[in-house]
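1. Here is the input, now give the coordinates:
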Amino acid sequence: MITCTLENGKQTSFRHVVVHAIVEQDGKLLLVKRAPTLSLEAGKWSLPSGFLDRDETAAQGVLRELREETGWEGEVTALLLVKTDPNRPHEDRQNVALHFLVKPLHQGSDKDQESSEVSWVPVNELPALDTFAFDHGEAIGFFLKYRTQPFSLPILL
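-> Next up is the predicted model:
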């Protein structure tokens, strides 16, 4: 949570915004394993993701996080899911999450220290969705339904 002082002098808490990249290529999803040095959900598979910086758009932020955590450059193609549930699981900041579909372009650099592993995982070999960090498995589940039977986007939860 972010503590802010409003115009009337009262203090309140606001939530952070996080961005998540769902990247598919040749029937495989690009996943990262969270480094053991991270305090939350360390060692679990997740989508490339992170906090939105104040000076960037959500699309810029998700592409930055993709580049930092995987080394891949990409292009945003759609907004899949907006998750505003204040009770997101395994979350200490109760973030608002924006899940983007991203087309991979090329790998331009190495991953950063937030990812202990980066892997293209075939969709038919994904770990159980309830084993992913935070609620990333839920977003992947929506994506898997969307890729077989497209529906109107974005999903609002």
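2. Helices along this structure, start to end?
-> 58-70, 136-148 (DSSP state H).
3. The last one - contacts with which helices or strands?
-> In terms of contacts (3 or more Cβ pairs under 8 Å, 6 or more residues apart in numbering; DSSP states H and E), helix 136-148 is packed against strand 17-25, strand 72-83, strand 96-107. In this view, the C-beta of every residue, glycine as well, is placed from N, C-alpha and C.
4. For the last one, buried residues please.
-> When burial is assessed from 16 or more other Cβ atoms under 10 Å, strand 96-107 yields the following buried residues: 96, 97, 98, 99, 100, 101, 102, 104.
5. Repeat that for stretch 10-29.
-> Of all the residues in stretch 10-29, those buried under the rule 16+ other Cβ under 10 Å are 15, 18, 19, 20, 21, 22, 23, 24, 28, 29.
6. Number of residues surrounding residue 122?
-> When neighbours are defined as other Cβ atoms under 10 Å, residue 122 has 10 of them.
7. Make residue 1 into 47 and carry on from there
-> In the new count, where the first residue is 47, that last one comes out as residue 168.
8. That one - nearest residue in space that isn't next to it in sequence?
-> residue 74 (5.1 Å; Cβ to Cβ, 6 or more residues apart in numbering).
9. about what we covered before: now the helices of the chain in JSON lines, with mean pLDDT?
-> Putting the helices of the chain into JSON lines (pLDDT from 0 to 100) gives the following:
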{"stretch": "helix 104-116", "mean pLDDT": "96"}
{"stretch": "helix 182-194", "mean pLDDT": "96"}
